[in-house]
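>>> Need a 3D model of the following:
(one chain, ligands or ions: 1)
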Amino acid sequence: LSDRVGTFTDSVIRRMTRISDEYGAINLSQGFPDFDPPAEILDALARVAHEGPHQYSITFGAENFREALARKQSRAIGREIDPEKEIVVTCGGTESMMCAVMTICNPGDKIIVFSPFYENYGADAILSGAEPIYVPLVPPEYHFDLKLVEEGFRQGAKGIIVCNPSNPCGKVFTREELMGIGQLALQYDAFVITDEVYEHMVYAPNHHVCMASLPGMYEHTITCNSLSKTYSITGWRLGYLIGPEEVVEGAKKVHDFLTVGAPAPLQEAAVVGLNFPQSYYDNLLETYTRKRQHFLDGLDRIGLKHNIPQGTYFVLVDIQEFLDLPQFAGYTDLEFCEWMIREIGVAAVPGSSFFREPVNNLIRLHFAREESTIDEAIRRLSRMA
Ligand code: GLN
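Residues are numbered from 1 along each chain as shown. All right, here's what the predicted structure looks like:
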């Protein structure tokens, strides 16, 4: 086997789903909804089953899909996106991130990653031969020191990955924070790679700002995104990246040889979603705002300590008080999560899989669940508290 495969483990997030399924637990680990996608999208899928297309789309995305994407994201970025030259449709946000890192990094290049971070970024860097430089997001506010970011660029980092809103800590970067990062990227002639898959799950009074919309930043930003969370279709594997023409030209090649293309029938069905009016996104946010409140109230009621996410559907819960009990002496957070699945019937992701620093006292839970399921999860978690 290659040395490469020895340098990272399987995804702990996805592993927790497998263990959860094995024990029939309530799965609050890997983030995906348990409710149906919008009916219009499902109807379109049924139509496409008979009418097609069933063969490849253009490798970098079906034309009507890219055009609909360009219309939607031009509004978010505040600039006319060219669907021919500035978009690559990928197999999920996962491929768009991998593709972005492979497009800008040579083996040996450095890339700045905030910690905690979504675990894929580690593998994105390793598979591209790039070396991450970690900059801590410091709880409880998950603030960062811009000087450390600059230090990374001074060491020659080719780019920085910004997950906004941030998985797993729910941080929403303010305009000022993004401006600070962006200014450094311009000054050091580097790229910002953003992961914005939770863009529509940003809770008031916070609001989402696209890095690519800031003055001068379009040419230095690769925006990665996905339809998974926005339309509740995580299994469809539809994502995309948007960037300046020269970058996208490179990314198109990387993408073509990685996967040839995202599923053509699913692009055709999902176009319907991309053309939804603003009210769809308002309703989605309202739904998740309600679920968030419901879940946080439940956690408060049973006395579990947690952060309050500004965005995403993830919550970090502090398990230190349990680890201090004699029966959990010496437990890692992973062992604690395995115990939870077996004995409590709720699956979480151990926090250590998101942190560069040695963190053992956090677990990540998500609330993309029907409220009755959230209630049952809280009931089960109360046996722990
Ligand atoms: N982003 C989701 C999570 O962190 C899952 C994404 C995935 O597993 N591809 O749980």
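
>>> Give me the neighbour count for the single nearest residue of the chain relative to the ligand.
Ranked by Cβ to the nearest ligand atom, the top residue of the chain for proximity to the ligand is residue 31, at 3.4 Å. (Glycine included, C-beta is placed from N, CA and C.) Look at residue 31: counted by other Cβ atoms under 10 Å, it has 25 neighbours.

>>> what do you get for the one 5 residues further on?
By the criterion of other Cβ under 10 Å, residue 36 has 10 neighbours.

>>> Likewise for residue 359?
Residue 359 has 17 nearby residues by other Cβ under 10 Å.

>>> Can you tell me the SS state at it?
Reduced to three states with DSSP: H, G, I helix; E, B strand; the rest coil, the structure at residue 359 is coil.

>>> Could you pull up the contacting residues of it?
By Cβ atoms under 8 Å, 6 or more residues apart in numbering, the contact set of residue 359 is 116, 333, 351, 352.

>>> Repeat that for residue 20.
Contacts of residue 20 by Cβ under 8 Å, 6+ apart are 26, 27, 29, 341, 347.

>>> what ranges do the strands span in this structure?
Listed from the start of the chain, the chain has strands (DSSP state E) covering 26-27, 87-91, 110-115, 131-136, 159-163, 191-195, 221-226, 238-242, 305-306, 314-318, 346-347, 349-350, 362-366.

>>> between these, which gets nearest to residue 373?
When the strands of the chain are compared by Cβ to Cβ, strand 26-27 sits nearest residue 373, at 6.2 Å.

>>> ok, back up a step: for my notes, please list the strands of the chain in TSV and give distance to residue 295, mean neighbour count and mean pLDDT for each entry.
Putting the strands of the chain into TSV (distance: least, Cβ to Cβ, whole Å; neighbours: other Cβ atoms under 10 Å; pLDDT from 0 to 100) gives the following:
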stretch	distance to residue 295	mean neighbour count	mean pLDDT
strand 26-27	12	23	98
strand 87-91	30	27	98
strand 110-115	24	23	98
strand 131-136	26	19	97
strand 159-163	21	25	98
strand 191-195	23	27	98
strand 221-226	23	28	98
strand 238-242	26	28	98
strand 305-306	9	15	98
strand 314-318	7	22	98
strand 346-347	12	24	98
strand 349-350	15	28	98
strand 362-366	8	26	98
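
>>> re earlier: could you check how far the residue of the chain closest to the ligand is from residue 110?
29 Å (Cβ to Cβ, to the nearest Å).

>>> for residue 177, same thing?
Distance from residue 177 to residue 110, by Cβ to Cβ: 21 Å.

>>> per-residue pLDDT, residue 384?
Note for residue 384: predicted pLDDT of 88.

>>> Residue 321 is in contact with that one, correct?
No: using Cβ atoms under 8 Å, residue 384 is not in contact with residue 321; the gap is 10.1 Å.

>>> So for the lowest-mean-pLDDT helix or strand in the chain, what gets flagged as buried?
Every helix and strand of the chain was ranked by mean pLDDT, DSSP states H and E. The lowest is helix 120-128, at a mean of 94. Neighbour counts over helix 120-128 (16 or more other Cβ atoms under 10 Å) mark 120, 121, 122, 123, 124, 125, 126, 128 as buried.

>>> List the contacts of residue 110.
130, 131, 132, 133, 152, 155, 156, 157, 158.

>>> Return the per-residue confidence for the closest residue in space to residue 320 that isn't next to it in sequence.
Sequence neighbours aside, residue 361 is the residue nearest to residue 320 in space, at 4.1 Å (criterion: Cβ to Cβ, 6 or more residues apart in numbering). At residue 361, the model reports a pLDDT of 97.

>>> Next up, the contacts around residue 361.
By Cβ under 8 Å, 6+ apart, residue 361 lies in contact with 318, 319, 320, 323, 333, 351.

>>> ok, now how distant is it from residue 134?
Per Cβ to Cβ, residue 361 is found 19 Å from residue 134.

>>> before we move on, what about residue 231?
32 Å.

>>> Just give me the closest of the contacts of residue 20 to residue 217.
Closest to residue 217, out of all of these and judged by Cβ to Cβ, is residue 29, at 34.2 Å.

>>> For the nearest residue to that closest one once chain neighbours are set aside, list the residues it contacts.
Residue nearest to residue 29 in three dimensions, not counting chain neighbours: residue 16, with 3.7 Å by Cβ to Cβ, 6+ apart. By Cβ under 8 Å, 6+ apart, the contact set of residue 16 is 27, 29, 30, 337, 341, 347, 348, 349, 350.

>>> With distance to residue 11 as new columns, can those be given to me in a markdown table?
A markdown table is the format used below for those (distance: Cβ to Cβ, whole Å):
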| residue | distance to residue 11 |
| --- | --- |
| 27 | 14 |
| 29 | 11 |
| 30 | 9 |
| 337 | 14 |
| 341 | 16 |
| 347 | 14 |
| 348 | 15 |
| 349 | 10 |
| 350 | 12 |
